[in-house]
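Asker: Predicted structure and sequence below. I'll ask about it afterward.
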Amino acid sequence: MSAAALHELVLKQLDDDQAQEVVTIPLEGKSSIADHMVIASGRSTRQVASMAQKLAEEIKKAGFGHARVEGLPAADWVLIDAGDVVIHLFRPEVRTFYNLERMWSFEGSETSMLGRN
């Protein structure tokens, strides 16, 4: 299973779960932690927790192994480490406060916004 296939699975699942403001940041060749970072928002802690649990289940079911999940049950900011893809799920105001998109943008690289706003 490739990093690209895992990335696609993550984006599809987030779209299915109606995640908002989905952004993907390519990290390949820029960081050793992962090939892709995906950042998304949920409307409430309940939605963030639900998206995180479902995403971890789908990653395992698809054969990518066990994803490590941090930040539950509070669900203000949930980190899912799936190996080649790292996913950050936020409540909107927490996402604004930490502003990971700015922190992880590299000179000359583009972040891409996907799906719903």
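Answerer: Alright, I've got the coordinates.
Asker: Please count neighbours and contacts with C-alpha atoms only from this point.
Answerer: Will do.
Asker: So which residue is dead centre in this structure?
Answerer: Centroid-nearest residue in the chain, with Cα atoms, centre = their mean: I87, separated by 2.4 Å.
Asker: strand partners of the helix or strand that residue falls within, parallel vs antiparallel please.
Answerer: Using DSSP states H and E, I87 falls within strand 85-90. Applying DSSP bridges, strand 85-90 is found paired with strand 36-41 (parallel), strand 77-81 (antiparallel).
Asker: model confidence over that strand, on average?
Answerer: The average pLDDT for strand 85-90 rounds to 98.
Asker: hang on, the earlier thing: give the bridge partners for the residue nearest to the centre of the chain, please.
Answerer: Residues in beta-bridge contact with I87 (DSSP bridges): V38, I80.
Asker: which ones are touching it?
Answerer: 37-40, 79-81 (Cα atoms under 8 Å, 6 or more residues apart in numbering).
Asker: can you check D84 too?
Answerer: 3, 6, 33-36.
Asker: One more: T45?
Answerer: 74-76, 91.
Asker: can you rerun that using 6 Å?
Answerer: Neighbouring residues of T45 by Cα atoms under 6 Å, 6 or more residues apart in numbering: 75-76.
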